[in-house]
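[1] Fold the following for me, if possible:
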Amino acid sequence: MQRRTLLKLGITASAVLLIAGGTAALIQPGLTQGLLSASGRKVFSAVSSAVLDKTLPSELVARKAAIAGLLARIDVLVSALPSHAQDELSQLLSVLASAAGRRALAGLGTPWADASVAEVQAALQGMRLSSLALRQQAYAALHDITAGAYFSEPASWALLGYPGPTKI
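    Here you go, the predicted model:
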């Protein structure tokens, strides 16, 4: 393949993803009024289960309660972000919530709500190790928001061996 053909293909693919992402953001935003939308919650529920797999309770009811609490803390974290960061996160979640975006950006063929923990972990690992900076940045955002919100809860500090702030 010639270099010009490869460049044209790359530019065309980028334009298609940009248009698809913009359309998805208008149809199904990742955030609504600074909080996770239903589609954003599905993405973060799956990502949370994958990233925090061994730290979450193994019993199903307790695990769902832990994820629900985590999603509430993610809402608090997101609402504290500046508006431009909220817009970018909303676009990322919109693209990831769409079937085409999920496949292209995350490499995940199964919908987030139906994907197994192992499938989501493999998709996240693919994003983390990707040669494309966009995929790496998307991974970093998902991972850091999930971990930051989870470990902001004092009940999770024991998992880190952190005794909490010293009392003066």
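[2] which residue is nearest the middle of the chain?
    In the chain, the residue lying closest to the centroid (C-alpha atoms, centre = their mean) is Leu142, at 3.5 Å.
[3] I'd assumed Lys42 was in contact with Trp112.
    Yes: with contact defined as C-beta atoms under 8 Å, Trp112 reaches Lys42; the gap is 4.7 Å. (C-beta placed from N, C-alpha, C; glycine too.)
[4] With neighbour numbers in mind, choose between the two.
    Taking other C-beta atoms under 10 Å, Trp112 and Lys42 do not tie; Trp112 has more neighbours (22 against 19).
[5] in what helix or strand does the residue lying closest to the more buried one once chain neighbours are set aside lie?
    In this structure, Trp112 finds its nearest non-sequential neighbour in Ala46, 4.1 Å apart by C-beta to C-beta, 6 or more residues apart in numbering. In this structure, Ala46 sits in helix 38-51 according to DSSP states H and E.
[6] Show me what that helix is packed up against.
    helix 60-79, helix 83-97, helix 117-128, helix 133-150 (3 or more C-beta pairs under 8 Å, 6 or more residues apart in numbering; DSSP states H and E).
[7] Now do the second one against helix 60-79, angle only.
    In terms of direction (axes from the mean of the first three to the mean of the last three C-alpha atoms, to 10 degrees), helix 83-97 departs from helix 60-79 by 140 degrees.
[8] quick one: average confidence on helix 83-97?
    In this model, helix 83-97 has a mean pLDDT of 94.
[9] got it, and the first one?
    Mean pLDDT, helix 60-79: 95.
[10] now it and helix 133-150, what's the angle there?
    Interaxial angle, helix 60-79 versus helix 133-150 (the same axes, to 10 degrees): 110 degrees.
[11] buried set for helix 60-79?
    By 16 or more other C-beta atoms under 10 Å, the buried positions in helix 60-79 come out as 63, 66-67, 70-71, 73-75, 77-78.
[12] try the shortest one
    Neighbour counts using 16+ other C-beta under 10 Å place 119-124, 127 of helix 117-128 among the buried residues.
[13] Please compute how far it lies from its chain's middle.
    Computed by C-alpha atoms, centre = their mean, to the nearest Å, the chain-centroid distance of helix 117-128 equals 11 Å.
[14] change the start of the numbering to 322 and stick with it
    Renumbered: residue one is now 322, and that last one reads helix 438-449.
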